[in-house]
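Peer 1: Show me the folded form of this:
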Amino acid sequence: MDLKALLQRFDGRSRFLVHALHSGAAGAKNAQTVFNKQRRSDPDFTLIPFLETLCQQEACVSEDALVLKPLVCLFSEGFKQNLLCFLHLIHPGLPKDRVHHLLECLTQDDVENQWACVLIKQLQRDIEGTRKETLLTLNCTGKLKSLCERFRNADAKGRWAACFEGLESEGKESNVTVLSQKKRKSDYMDHDGDVQEDHQSKRVKMDFWPCDEEEKLTEEEEPKMRTSQLEQSAASVSQAHSDVLGSLKNLPEHMKAAVPVIKELLDTESTWDESSVSALKVFHECDPNEVEILCSMLGLSEASEQSLPQFCSCLLELSPDLSHSTACAVITHLLLEKILSLAEPASRCLVTAVMSLCTRYPRPTCQALIEPVLQKGQTGSAQAELLCRLVVDCLEPHHRLLVFQTILGVSWDEGVLSVIHALLDSKLELSEEDFSLFTNQLCSQSPHFSKSMKFAKMLLSVLTKYQSHVNPACHHTLSSCLSFNETFLKKSLQAALKRISL
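Peer 2: Purely as a prediction, here's the structure:
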């Protein structure tokens, strides 16, 4: 079962926790941040619904048989490990029976991850208040004692270096052994084989080694090339530096002071706190020109994806919300280039950042992110997957309608078809004019997608879910559209069209 299906089992607040726990190695810390913010906004907030949902029985296929498993067992190993670390951090404030029940559900599954097994045992001991026995095996305890003995003398030379020197000497001894074994093997080889091997090695060296003329030419050109590269690099750096200085002059002093503070937080990926949120309040005081300069100075487009969730969570803590123009500028600088350049599925950090901003600022996201991606005409599978998630999980019906109207004016490809299908499945409330424009677009695009299964499935959704929208003119247009279809769904499409009563 994929994450999208699993998320449907949780309420809105719990979904944020699930997304945070899916954000890689920092999942537990991100979940704790989300949980703390939810508690600050609602002191009565509790994790009991979240824990109960994780323990619910879910039907799944295991070894060609339909079985019932706790929902938590259907998540990835990384999610389970982050969940256990998260519970370890906050368990004192949780009901013990709920946490015990969840741990029992986890132990029902075959836990192959040794870290997860240890975390389960440790969490059980923490809840019960028993820490008398160690979790270490005898072998592990012996190794740790040996290591402590080695580093006990603080004045000993090297300490850690001495340890690695010992490992190095062991490696050298093993290399000497391997070389002696190879030498003994070579003694058994016949003389002809040695001569042939020698000729081959010489031939390889001759083919690989450059001739004298090429070598001289390289030696002469290399200093010139290095000089030109250094000059170009210096010129670009100088130009960039002058642009930065020129832009900074146009900012008020308090905005200039905020730039290095925010930039350091972005570059070092350090923990953001209340002072970080106060530094971001500078966005409230920017006019459209200043916010563009500020985003450029901060280098938001070059910010690492690992720093995005914390930056976005701090933005979301600002009160009041950002203005429409400021939100558009921030989303454009922060996310657009990253999404346009996706060649593989978006990372968890990027997905978390995009979905959090889209949930709070849906209209700016539609205008500054979704529309430009669609208008580029290069909607690959990675971009389409992300846009579909935004459509299904973050946008309200009226915002989905905005995206749909944008799609009517752009060129279509397989990625755009996926987004259209997601929009149609969300049961859009289309006006007669919008549906008429859509059917005309379907007819004009049908020759280009005559063999596309995505296009055929999209047509089937139109004919089954939007029958009430089909008037005689649209019926004729759809009939013309089906004439171009060459997939095995053509008969099903024609039958669906016939069932529509006018």
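
Peer 1: From what I see, Gly24 and Cys349 are in contact.
Peer 2: Yes: Gly24 is in contact with Cys349 according to C-beta atoms under 8 Å; the separation is 6.9 Å. Using the backbone N, CA and C atoms, a C-beta is placed for each residue, glycine as well.

Peer 1: who's more crowded, the two?
Peer 2: Neighbour count, other C-beta atoms under 10 Å: between Gly24 and Cys349, Cys349 has more, with 20 against 15.

Peer 1: which regions of this structure sit below the pLDDT cut-off?
Peer 2: 1-2, 109-113, 129-137, 150-250, 268-275, 502 (pLDDT under 70).

Peer 1: For the residue nearest the centre of it, give me the backbone phi and psi.
Peer 2: Of all residues in the chain, the one closest to the mean position by C-alpha atoms, centre = their mean is Ser347, 1.6 Å from it. Dihedral pair for Ser347: phi -70, psi 160, per degrees, to the nearest 10.

Peer 1: Could you do Leu68 as well?
Peer 2: Its backbone dihedrals place Leu68 at phi -100, psi 130, with angles given as degrees, to the nearest 10.

Peer 1: Could you give the bridge partners of it?
Peer 2: With DSSP bridges as the criterion, the beta-bridge partners of Leu68 are Ala59.

Peer 1: and it, how many neighbours?
Peer 2: Applying other C-beta under 10 Å, I find that Leu68 has 10 neighbouring residues.

Peer 1: correct me, but it touches Cys55?
Peer 2: No: at 12.0 Å, Leu68 does not count as touching Cys55 under the criterion of C-beta under 8 Å.

Peer 1: show me what contacts the residue lying closest to Glu396 once chain neighbours are set aside?
Peer 2: With C-beta to C-beta, 6 or more residues apart in numbering as the measure, Pro362 is the residue that lies nearest to Glu396, at 6.5 Å, once sequence neighbours are left out. With contact set as C-beta atoms under 8 Å, 6 or more residues apart in numbering, Pro362 has these partners: Cys394, Leu395, Glu396, His399.

Peer 1: And the buried ones among those residues, selectable in ChimeraX?
Peer 2: Selection command for ChimeraX covering only the buried members of the contacts of Pro362, criterion 16 or more other C-beta atoms under 10 Å:
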select :394,395,399
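
Peer 1: any chance of the contacts of Pro362 in TSV, plus distance to Ser479?
Peer 2: Supplementary listing: the contacts of Pro362 in TSV, determined by distance: C-beta to C-beta, whole Å:
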residue	distance to Ser479
Cys394	36
Leu395	32
Glu396	34
His399	32
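
Peer 1: In strands, which of the contacts of Pro362 fall?
Peer 2: Using DSSP state E, no member of the contacts of Pro362 falls within strands.

Peer 1: of all the contacts of Pro362, which comes closest to His19?
Peer 2: Distance ranking of the contacts of Pro362 against His19, using C-beta to C-beta, places Cys394 first at 11.1 Å.

Peer 1: Report the separation between the residue lying closest to the closest one once chain neighbours are set aside and Arg13.
Peer 2: Residue nearest to Cys394 in three dimensions, not counting chain neighbours: Cys358, with 4.1 Å by C-beta to C-beta, 6+ apart. With distances taken as C-beta to C-beta, to the nearest Å, Cys358 is found 17 Å from Arg13.

Peer 1: neighbour-wise, which of these two wins?
Peer 2: Neighbours of Cys358 and Arg13, each counted by other C-beta under 10 Å, are more numerous for Cys358; the result is 24 against 16.

Peer 1: Pretty sure that one sits against Thr365.
Peer 2: Yes: applying C-beta under 8 Å, one finds Cys358 in contact with Thr365, separated by 4.3 Å.

Peer 1: Give the residues shared as contacts by those two.
Peer 2: With the criterion set as C-beta under 8 Å, 6+ apart, the overlap between the contacts of Cys358 and Thr365 is Leu390, Cys394.

Peer 1: Please determine how far Ala257 is located from Val277.
Peer 2: Distance of Ala257 to Val277, computed by C-beta to C-beta: 16 Å.

Peer 1: looking at this, Glu486 is in a helix?
Peer 2: No: looking at Glu486 with DSSP: H, G, I helix; E, B strand; the rest coil, it is coil, so not inside a helix.

Peer 1: quick one: it and Ser452 touch, right?
Peer 2: No: with the criterion set as C-beta under 8 Å, Glu486 and Ser452 do not qualify as a contacting pair; they are 9.4 Å apart.

Peer 1: Those two: who's more crowded?
Peer 2: Neighbours of Glu486 and Ser452, each counted by other C-beta under 10 Å, are more numerous for Ser452; the result is 20 against 11.

Peer 1: For Pro345, pull up the helix or strand it's in.
Peer 2: Per DSSP states H and E, Pro345 falls between elements, in no helix or strand.

Peer 1: any idea what sits nearest it, other than its immediate chain neighbours?
Peer 2: Take Pro345 and drop its neighbours on the chain: the residue closest to it by C-beta to C-beta, 6+ apart is Ala382, 5.4 Å away.

Peer 1: Val392 now?
Peer 2: Ala422 (5.8 Å).

Peer 1: Off-centre distance for the strand or helix carrying the one you found?
Peer 2: In this structure, Ala422 is located in helix 414-425 according to DSSP H and E. Here helix 414-425 is found 21 Å from its chain centre; the criterion is C-alpha atoms, centre = their mean, to the nearest Å.

Peer 1: Give me the buried positions along whichever helix or strand comes after it.
Peer 2: Secondary structure here is assigned by DSSP H and E; on that basis, the next helix or strand after helix 414-425 toward the C-terminus is helix 432-445. Counting neighbours by 16+ other C-beta under 10 Å, one finds that the buried residues in helix 432-445 are Asp434, Phe435, Ser436, Leu437, Phe438, Thr439, Gln441, Leu442, Cys443, Gln445.

Peer 1: Quick check: the last one touching Trp412?
Peer 2: Spelled out, that is Gln445. Yes: look at Gln445 against Trp412 with C-beta under 8 Å: they come within range, at 5.3 Å.

Peer 1: Distance-wise, check Ala495 relative to Leu460.
Peer 2: In this view, Ala495 and Leu460 are 10 Å apart by C-beta to C-beta.
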